[in-house]
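J.: Just need the structure, nothing else, for what follows:
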Amino acid sequence: QVQLQESGPGLVKPSQTLSLTCTVSGASITTNYYSWNWIRQPPGKGLEWMGDIYYSGSTYYSPSLKSRTSISRDTAKNHVTLQLSSVTPEDTAVYYCATGPGSPYDYWGQGIQVTVSS
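T.: Predicted coordinates:
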């Protein structure tokens, strides 16, 4: 059973960089054909795909967030990291990691609430 667990600060100040980690168990992040995705849901809005990192290490980002987003991985620790720079209150959301060989994703983390506020 694949399990994903998001972790990181629940409160970030405006203009700072948000950093979240998705720790994976039950599968390797190098599993063939799997992508490891970051998705967020602002309050009262729908899900927004932010970007992903493939089993090969290739990364893809949402065009609207590409300039501020970086996704990386640590294969030794089997986790994936999201960094979002220059955050504003509009980046307040529940952030999820999710994975699978395609979409819709087979596995989701429980999500982590991140609030951007001074």
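
J.: V94: how many residues sit nearby?
T.: Neighbourhood size, V94 [other Cβ atoms under 10 Å]: 16. C-betas here are computed from N, CA, C, even on glycine.

J.: Can you read off the pLDDT for it?
T.: On the pLDDT scale, V94 is placed at 98.

J.: How about it: what's its closest non-neighbour residue?
T.: Distance criterion Cβ to Cβ, 6 or more residues apart in numbering; nearest residue to V94, sequence neighbours excluded, is G111 at 4.5 Å.

J.: can you tell me which residues contact that neighbour?
T.: Under the criterion of Cβ atoms under 8 Å, 6 or more residues apart in numbering, the neighbours of G111 are 6, 41, 94-96.

J.: change it to 7 Å
T.: Taking Cβ atoms under 7 Å, 6 or more residues apart in numbering, we find G111 in contact with 6, 94-96.

J.: Save those residues as JSON lines, and put in secondary structure and distance to G46 too.
T.: As requested, the contacts of G111 are exported to JSON lines (DSSP: H, G, I helix; E, B strand; the rest coil; distance: Cβ to Cβ, whole Å):
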{"residue": "E6", "secondary structure": "strand", "distance to G46": "19"}
{"residue": "V94", "secondary structure": "strand", "distance to G46": "12"}
{"residue": "Y95", "secondary structure": "strand", "distance to G46": "14"}
{"residue": "Y96", "secondary structure": "strand", "distance to G46": "13"}
